[in-house]
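In: Need the 3D shape of this:
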Amino acid sequence: MGNQYWGGKLLGGYAGLYHTAEKISKYIPECKKYVEPFAGLGRLHKFIKADEIFYNDMSDFAFEYLKKNYSDATVTQQDFTEMFKHDSEDTFFLIDPVWRDEHYSRNSLTFMDRKPYEYYKKIFEIVPKLKANWIVCGVADERQTRGYMSNHNYNKLIVESEGNVIFGKKARTLLVSNMELS
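Out: I've put the predicted structure just below:
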């Protein structure tokens with residue numbers, strides 16, 4: 001694998017939905033509880049319309065960032081599976097786990113305790129049981145997710161950034177949901 005530059009330096013910056021957040025937000029309904037089990041830096045925060053917001057991230061950097069910047073949210077630092085305790089018909093989950101090993105394993109700001117496909121495997125064991133609406137985000141090429149995003153009958157859509165912003169290409173996010181994505 002060759003060098004991958006991000007944020008102007010080798011694997012610099014923080015992974016996240018920065019370049020596709022606004023497009024993703026169009027599919028997030030107004031809700032009573034909005035929950036992100038992998039919140040990262042809360043890139044969609046300004047678009048959320050919810051009575052309660054719950055952010056979770058195991059990264060010390062992300063946890064401190066979220067607590068400092070989003071006083072209107074409850075911020076936790078626990079295993080992502082614990083966040084599904086908020087499940088109800090009035091809840092919406094935005095689930096954005098680790099997409100690629102190299103973006104997390106070599107970045108001291110992020111947290112990863114398993115391979116990307118292991119996150120997706122667990123998520124797709126959980127989501128069929130949820131009462132809530134949800135969107136799972138992933139890399140469009142599914143290179144490290146072993147097809148967990150596309151090997152089912154859920155609704156799928158790829159959203160792209162407006163310009164070429166990552167490695168000279170558009171940022172592309174695959175969305176998979178139990179809701180209509182059109």
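In: Centroid-nearest residue for the chain?
Out: Most central in the chain under C-alpha atoms, centre = their mean is residue 96, positioned 1.7 Å from the mean C-alpha point.
In: Quick check: closest non-adjacent residue to that one.
Out: For residue 96, ignoring the flanking residues on the chain, the nearest one in space by C-beta to C-beta, 6 or more residues apart in numbering is residue 137 at 4.1 Å. Using the backbone N, CA and C atoms, a C-beta is placed for each residue, glycine as well.
In: remind me which residues of the chain are low pLDDT?
Out: Within the chain, the stretches with pLDDT under 70 are 1-15, 102-105, 144, 166.
In: and whichever strand in it runs longest, C-alpha only, in CSV?
Out: If you go by DSSP state E, the chain has its longest strand at strand 155-166. This file holds the C-alpha atoms of strand 155-166, laid out as CSV (Å, rounded to 0.1, in the frame of the first residue of the first chain):
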residue,chain,number,x,y,z
ASN,A,155,-32.1,0.8,1.0
LYS,A,156,-28.8,2.1,-0.3
LEU,A,157,-27.5,5.4,-1.7
ILE,A,158,-24.1,6.9,-2.4
VAL,A,159,-23.7,10.6,-1.6
GLU,A,160,-20.7,12.5,-3.0
SER,A,161,-19.0,15.8,-2.1
GLU,A,162,-19.4,18.7,-4.4
GLY,A,163,-15.7,18.9,-5.3
ASN,A,164,-12.6,16.8,-5.4
VAL,A,165,-11.5,16.9,-1.7
ILE,A,166,-9.8,13.6,-0.8
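In: Just checking: what are the partner strands of that strand?
Out: Using DSSP bridges, the strands paired with strand 155-166 in its sheet are strand 169-177 (antiparallel).
In: in the partner strand, what's buried?
Out: Neighbour counts using 16 or more other C-beta atoms under 10 Å place 170-171, 173-177 of strand 169-177 among the buried residues.
In: now do stretch 153-166
Out: For stretch 153-166, the neighbour count (16+ other C-beta under 10 Å) marks 154, 157, 159, 161, 166 as buried.
In: those strands in this protein, which residues are they?
Out: 5-6, 9-10, 31-36, 50-56, 73-76, 91-95, 133-139, 155-166, 169-177.
In: what residues does the third one touch?
Out: Contact partners of strand 31-36, identified using C-beta atoms under 8 Å, 6 or more residues apart in numbering, comprise 28, 42, 44, 48-56, 83, 86, 88, 90-96, 132-133.
In: what lines up beside it in the sheet?
Out: strand 50-56 (parallel), strand 91-95 (parallel).
In: any chance of those in a markdown table, plus mean neighbour count and distance to residue 115?
Out: Converted to a markdown table, these look like this (neighbours: other C-beta atoms under 10 Å; distance: least, C-beta to C-beta, whole Å):
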| stretch | mean neighbour count | distance to residue 115 |
| --- | --- | --- |
| strand 50-56 | 19 | 20 |
| strand 91-95 | 24 | 17 |
